[in-house]
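Student: Need a 3D model of the sequence below.
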Amino acid sequence: KPATTMYDGSFANIFYDDVRIPADALVGPLNGGWKVLTEALANERGLVGGGIVLKVAHAFDLLCRDVRDALGSARRDDQLVRDRIAALAAEIEVGRRLMIHCAELATDGMTPPEVGAISKVFSGELMERFGEAVLDILGPRAALSQQAPGCLHQGRFEQGLRHSLMWVISIGTNEIQRSLIAQRGLGLPR
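Tutor: Numbers count the residues shown, from 1 in each chain. So this is what the prediction gives:
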């Protein structure tokens, strides 16, 4: 049964037990479903990470516009604000590079699970850091949701921060992804 999320999406856990299919519908080798699934998840994590980065990059453009146009010159010229924006710009570029790398690997056949995990963890946490930075820089109005009086950009900043909570859990929690990175990517023991 589907469940509704706090961002008006839905998800469901679906279990297939004792399913029989014709031999010509088999994907991968017999009893090789786990490998097929993990390869698909690695590609998905890499590409989803890229999608998250693109959302953050678009919101970053809005933030920069607000800082340039809406804040007073004292706040706009504040070195802490400028440093925070510069750090976000650098992190977004890192996320873009990860996205491109994952897309190239997927095009060539498969994204290694640890590379998809790196993209997913980095981008999901980037979205969270970005949302917190927006609140610090623009203040409480950035926390107003869509249709609230005085909200910024139809509540896009609030929605992004709310969605960021989902991305540290979705398609494999970041803790599980870190274990995958450590074991597969760095060769560390369990």
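
Student: Do a quick rundown of the strands in the chain.
Tutor: 3-4, 10-11 (DSSP state E).

Student: Out of these, flag the one nearest Val27.
Tutor: strand 10-11 (22.6 Å; Cβ to Cβ). All C-beta atoms are positioned from the backbone trio N, CA, C, and that covers glycine.

Student: Identify all contacting residues around the closest one.
Tutor: With contacts defined as Cβ atoms under 8 Å, 6 or more residues apart in numbering, strand 10-11 is touched by Pro2, Ala3, Thr4, Thr5.

Student: Neighbour-wise, give me the winner out of those residues.
Tutor: Neighbour counts for these, by other Cβ atoms under 10 Å, peak at Thr5, which reaches 14 neighbours.

Student: separation between the residue lying closest to Gln146 once chain neighbours are set aside and Ala106?
Tutor: Leaving aside its chain neighbours, Gln146 sits nearest to Gly155 (3.4 Å; criterion: Cβ to Cβ, 6 or more residues apart in numbering). Computed as Cβ to Cβ, to the nearest Å, the Gly155 to Ala106 distance reads 33 Å.

Student: and if you look at Arg20?
Tutor: Distance from Arg20 to Ala106, by Cβ to Cβ: 31 Å.

Student: Same check on Ser145?
Tutor: In terms of Cβ to Cβ, Ser145 sits 35 Å off from Ala106.

Student: Of those two, which one has the most company?
Tutor: Under the neighbour definition other Cβ under 10 Å, Ser145 and Ala106 were set side by side, and Ala106 has more, 18 against 13.

Student: does Ala106 really touch Glu44, like I thought?
Tutor: No: using Cβ atoms under 8 Å, Ala106 is not in contact with Glu44; the gap is 9.4 Å.
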